[in-house]
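> I'll drop the sequence and a predicted model, then ask my questions.
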Amino acid sequence: MNLAMSKNRLEAFSDGVIAIIITIMVLELQPPHGTEVADLLETLPGWLRYALSFVYVGIYWVNHHALLDRVAKVDGAALWANLHLLFWMSLIPWVTAWAGEHPMAPVPVALYGVVLLLCSISFMLLSWRLDVDARHAMAWGSRKNRISILLYALAVVLSLWYPPLGALIHVLLAILWLMPEGRVLS
C-alpha cells in the first residue's frame, strides 16, 4: 500500500488539529468566580500558562508550515511522524490546564515540560524524516534544537525541585524560538 500523498492534505489535516488544540485550550480557561480585581488575579496563573501554550502551539504551527513548504510529497513514514508530533501537541491543552491550576506544584509543571520536550523531539524527527534537501536536512540537529532539547530536559528536572525555575526555562525557550533564525544559536 502506497501512502505517499501531496503535502497539502497533511498540511490541511495538521492545521485542523492545531486549530482544535487552540480551541480546547481556550475552553479550559475559567473566568473569575467573582467580580473583584482579586478574583481576576486568582485566575492569572491559568491565563499566563494559556498564553505561553498558545505561543508554543503558534511556534509549532509556523515551523510546521515552513517545513512543509520545502517538500512536494510525503510518504507513509512522514505521515506517522506527523501524527507523532500531533499526538504530543494534543496533550498541550491538558497539561496547560493542570499546570495553570497548580502553577507551583512540581509534578504538573514537570509534566508540562515533558510534553514540550516530546513535542520538540517529535518535530525534529518529522523534519529529519522529510529530509528536504542538503541545506535543511540536518536542521533538526542545529545547535538551537540541541540546546532546546537539553533545556527542556533540564526544566523537567528543575521543576521537580523548584517549579518556578522550570517555568522560567519554558518561557525563555519560547522567546528563543520567537527570535528569527540566525540571531541566536543557529
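The structure has been received and is ready for your questions.

> what bits of this structure have low per-residue confidence?
Using pLDDT under 70 as the threshold, the predicted model of the chain has low-confidence ranges 1-4, 132-141, 181-186.

> now do the helices in it.
Across the chain, reading from the start of the chain, the helices by DSSP state H fall at 7-28, 37-42, 44-68, 76-90, 92-101, 106-130, 143-161, 163-178.

> kindly reformat these as JSON lines containing mean neighbour count.
(Glycine included, C-beta is placed from N, CA and C.) Output for the helices of the chain, formatted as JSON lines (neighbours: other CB atoms under 10 Å):
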{"stretch": "helix 7-28", "mean neighbour count": "15"}
{"stretch": "helix 37-42", "mean neighbour count": "11"}
{"stretch": "helix 44-68", "mean neighbour count": "18"}
{"stretch": "helix 76-90", "mean neighbour count": "18"}
{"stretch": "helix 92-101", "mean neighbour count": "21"}
{"stretch": "helix 106-130", "mean neighbour count": "21"}
{"stretch": "helix 143-161", "mean neighbour count": "17"}
{"stretch": "helix 163-178", "mean neighbour count": "17"}
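
> centre-most residue in this protein?
Compute the mean C-alpha point of the chain, and by CA atoms, centre = their mean the closest residue is Tyr56, 4.4 Å away.

> residue contacts, the residue lying closest to that one once chain neighbours are set aside?
Nearest non-adjacent residue to Tyr56, counting by CB to CB, 6 or more residues apart in numbering: Ala174, 6.0 Å away. Shown in contact with Ala174 (CB atoms under 8 Å, 6 or more residues apart in numbering): Leu52, Val55, Tyr56, Ile59.

> how close does the second one get to Glu28?
When CB to CB, to the nearest Å is applied, the distance between Val55 and Glu28 equals 16 Å.

> repeat that for the first one.
With distances taken as CB to CB, Leu52 is found 14 Å from Glu28.

> same check, this time on the last one
The spacing between Ile59 and Glu28, counted by CB to CB, is 20 Å.

> try Trp128
When CB to CB is the yardstick, Trp128 and Glu28 sit 32 Å from each other.

> residues contacting the nearest residue to Met25 once chain neighbours are set aside?
The shortest distance from Met25 to any residue other than its chain neighbours is 4.4 Å, reached at Pro93 (CB to CB, 6+ apart). By CB under 8 Å, 6+ apart, the contact set of Pro93 is Ile21, Ile24, Met25, Glu28, Ser53.
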